[in-house]
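K.L.:
Take this sequence and fold it.
(2 chains)
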Amino acid sequence: MSTSTPKALQTLNIVSILMFIISLGLVFLYAPREAVMGEAQRIFYYHVPSAWLSFVAFGVTLIAGIGYLRTNDHRWDHLGIASVEVGIVFAIMALLSGMLWARPIWNTWWTWDPRLTTYTILLLIYFAYLMLRQGIEDPDKRARFGSVYGIVGFISVPITYFSIYLWRTIHPAVFGRNESETKMSMEPQMLQTFIFCNIFFMVLFVTLLWHRFRLEAKTAHIEELRMKVSNA
Amino acid sequence: MKSYLQAILAIARKDLAAEIRSRELISAMLVFSLLVVLIFNFALELDRAARENVAAGVLWVTFTFAGTLGLNRTFAAEKDRGSLDGLLLAPVDRTAIYFGKLISTLVFMLLVEAVVLPVFSVLYGISLFNFLLLGVILLGTFGYGGVGTLLACMAAQTRTRDVMLPILLFPVTVPVMLGAVRASMGILLNAEWGEILTWINILVVYDVIFVAVAVMVFDYLIEE
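P.N.:
Numbering: from 1, shown residues only, chains lettered A, B, ... in the order given. Now for the predicted structure:
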């Protein structure tokens, strides 16, 4: 098992840092001030990519779960847990940045909007995933159970979203969103910044996932060695 | 096919026979449910109008909490007595174990519900005897029990098992809770049929999808 960081990953590290610095410049200096929401709108350049990439992350866990159950290859499971942890970080970022945005714009930290509610439940599912894994010592069983819960959890999300959506639309929403709030006018500079931030987050996601995957593989390797020593 | 059904029924019958002899689980679930109903009454300070609005919610919280109590025991008991290995040795398809356990769980939950419903009707002054409502209760209990049996099997094999089950189960059963509460509330408040039907549809869709998923993945949970 090689221990040195691969060249590609080292490059990704540097690219991520550079892109982050550039994104700060674009978001705060290049993109114009939004007319309706003002400065608060700038948070959206980070909020949107972290939100959708958290879904990608949990989707990767679903695929990794299926992969593990089919092949019994532990690398799939390393990918699954790595993706959950990165996904949780992105989800928390999205949730917190959303709340910071909502305070000045909707005049509240929180509404029981379907998207918000579903997203929080989603986050709870993956906290439960981590706790489940913590409670199991046998690595094979941990991988199997993690895979199953990763599948069940992800499948429940669209139904949860749909049911909460129905619940909120049948009942009057306390904080209605009118068109001007949801649809903002995108200047070309805004669009460029937005696209750049999305690419930045994709690179960041891959970088973090790769690091976490390597960490997990090494942890498993050490655990294996320890087992061998204690058995000898 | 016939032997498969026999295996399912044999497992369910075994659980029911054990329960009839000991009566630990049903009595615990029953007392617990009645306590929940009472506690809600104190906690929410219900007057007549408020009662009608929250009745469905209180009812389903009671059912799901009592259900969790029952689900916790289904596999934990097998694990404690070491009889799970015996079950696994039986030359039957593993999913038969899932369905057997599901049936016994459903019987326990439905029995508790059958006692709680009339008591609830009396205490809250609302008539709950309505065929449509009974159908909704059946669908909701089935969905909850279906996912619950799968996750209980998982939780029973972890270190913190009793604590683990609700944490795993509640976030994935949000649609069942929401669907069941909304449908029941619609029925109790005489809402439009279309609105009630939407929620019943969600319950049906959830039940079908999750029991199918459970059957597909159950094998992986009891490999030794």
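
K.L.:
Need the contact partners of the host helix or strand of A:T117.
P.N.:
Assigned by DSSP states H and E, A:T117 falls within helix A:114-134. Residues from elsewhere that reach helix A:114-134 (Cβ atoms under 8 Å, 6 or more residues apart in numbering or on different chains): A:51, A:54, A:58, A:61, A:81, A:84-85, A:87-88, A:91-92, A:94-95, A:98, A:110, A:142, A:145-146, A:149-150, A:153, A:156-157, A:160-161, A:164-165, A:167-168, B:154, B:158, B:160, B:164, B:167-168, B:170-172, B:174. Where you see a C-beta, it was placed from the backbone N, CA and C, and this is true even at glycine.

K.L.:
Just the buried ones among those residues, please.
P.N.:
A:51, A:54, A:58, A:61, A:81, A:84-85, A:87-88, A:91, A:94-95, A:98, A:142, A:145-146, A:149-150, A:153, A:156-157, A:160-161, A:164, A:167-168, B:154, B:158, B:164, B:167-168, B:170-172, B:174 (16 or more other Cβ atoms under 10 Å in any protein chain shown).

K.L.:
What pLDDT does the model give the nearest residue to A:A143 once chain neighbours are set aside?
P.N.:
Excluding its sequence neighbours, the residue lying closest to A:A143 (Cβ to Cβ, 6 or more residues apart in numbering or on different chains) is A:D77, at 3.8 Å. A:D77 is assigned 94 on the pLDDT scale.

K.L.:
Test my guess that A:D77 contacts A:S147.
P.N.:
Yes. Assessed by Cβ atoms under 8 Å, A:D77 is found in contact with A:S147 at 6.8 Å.

K.L.:
out of the two, which sits in the more crowded spot?
P.N.:
More neighbours surround A:D77 than the other of A:D77 and A:S147, with 28 against 24 (other Cβ atoms under 10 Å in any protein chain shown).

K.L.:
how about low-confidence regions in the chain?
P.N.:
You didn't say which chain, so I picked chain A. Within chain A, the ranges that satisfy pLDDT under 70 run A:1-2, A:169-185.

K.L.:
To clarify, I was referring to chain B.
P.N.:
B:224.

K.L.:
tell me the secondary structure for B:F129?
P.N.:
Recorded secondary structure, B:F129: coil (DSSP: H, G, I helix; E, B strand; the rest coil).

K.L.:
Quick check: the gap between the closest residue to it other than its chain neighbours and B:R51.
P.N.:
Distances taken as Cβ to Cβ, 6+ apart place B:S121 nearest to B:F129, at 7.3 Å, with adjacent residues excluded. To B:R51, B:S121 is 12 Å away according to Cβ to Cβ, to the nearest Å.

K.L.:
Can you list the buried residues in the host helix or strand of A:G65?
P.N.:
A:G65 belongs to helix A:44-71 when elements are defined using DSSP H and E. Neighbour-count burial for helix A:44-71 flags A:44-51, A:53-58, A:60-69 (criterion: 16+ other Cβ under 10 Å).

K.L.:
what about it and chain B, any contact?
P.N.:
Yes. Judged by Cβ under 8 Å from any Cβ of the partner chain, helix A:44-71 comes into contact with chain B through A:L69.

K.L.:
Quick check: B:F32 touching B:A66?
P.N.:
Yes. With contacts counted by Cβ under 8 Å, B:F32 reaches B:A66, the gap being 5.7 Å.

K.L.:
The closest residue to A:R142 other than its chain neighbours in helix, strand or coil?
P.N.:
Nearest residue to A:R142 in three dimensions, chain neighbours excluded: A:I136, at 4.2 Å (Cβ to Cβ, 6+ apart). Here A:I136 is recorded as coil under three-state DSSP.

K.L.:
now the helices for chain A?
P.N.:
Taking DSSP state H as the criterion, chain A carries its helices at A:7-25, A:44-71, A:74-105, A:114-134, A:139-170, A:179-182, A:188-231.

K.L.:
For those, could you give me a markdown table that also reports distance to B:T74?
P.N.:
Shown next, in a markdown table, are the helices of chain A (distance: least, Cβ to Cβ, whole Å):
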| stretch | distance to B:T74 |
| --- | --- |
| helix A:7-25 | 46 |
| helix A:44-71 | 23 |
| helix A:74-105 | 27 |
| helix A:114-134 | 18 |
| helix A:139-170 | 17 |
| helix A:179-182 | 46 |
| helix A:188-231 | 31 |
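
K.L.:
Determine the set of other helices and strands touching the helix holding A:G65.
P.N.:
Contact here means 3 or more Cβ pairs under 8 Å, 6 or more residues apart in numbering or on different chains; DSSP states H and E; on that basis helix A:44-71 packs against helix A:74-105, helix A:114-134, helix A:139-170, helix A:188-231.

K.L.:
Please identify which of those is closest to B:R94.
P.N.:
helix A:139-170 (13.3 Å; Cβ to Cβ).

K.L.:
Report the angle between the closest one and helix A:44-71.
P.N.:
Calculated by axes from the mean of the first three to the mean of the last three Cα atoms, to 10 degrees, helix A:139-170 forms an angle of 130 degrees with helix A:44-71.

K.L.:
now for helix A:139-170, which elements pack on it?
P.N.:
helix A:44-71, helix A:74-105, helix A:114-134, helix B:131-155, helix B:161-172, helix B:174-188, helix B:193-221.

K.L.:
The ones you listed: which one's closest to A:N198?
P.N.:
helix A:44-71 (4.7 Å).

K.L.:
which parts of the helix or strand where B:F99 lies are buried?
P.N.:
Using DSSP H and E, B:F99 falls within helix B:94-124. Within helix B:94-124, the residues that qualify as buried are B:94-110, B:112-113, B:116-117, B:120, B:123-124, counting by 16+ other Cβ under 10 Å.

K.L.:
Can you name the residue of chain A nearest chain B?
P.N.:
With distances taken as Cβ to the nearest Cβ, chain A approaches chain B most closely at A:G135, which sits 3.5 Å away.

K.L.:
Of all the helices and strands packed on helix A:139-170, which one is nearest A:T11?
P.N.:
If you check each of the helices and strands packed on helix A:139-170 against A:T11 by Cβ to Cβ, helix A:74-105 wins as the nearest, at 18.9 Å.

K.L.:
who's in contact with A:W109?
P.N.:
A:M99, A:A102, A:R103.

K.L.:
separation between the residue positioned nearest the centre of chain A and A:E187?
P.N.:
Geometric centre of chain A, nearest residue: A:S54, 2.1 Å, by Cα atoms, centre = their mean. Distance, A:S54 to A:E187, by Cβ to Cβ: 27 Å.

K.L.:
The helix or strand containing B:E52: what's the following helix or strand?
P.N.:
Element membership for B:E52, per DSSP H and E: helix B:48-81. Downstream of helix B:48-81, the first helix or strand assigned by DSSP H and E is helix B:83-89.

K.L.:
Output the contacting helices and strands for that next one.
P.N.:
helix B:48-81, helix B:94-124.

K.L.:
Please name whichever of these is nearest to B:I209.
P.N.:
helix B:94-124 (15.3 Å).

K.L.:
and the angle from that closest one to helix B:48-81?
P.N.:
Going by the same axes, to 10 degrees, helix B:94-124 makes 150 degrees with helix B:48-81.
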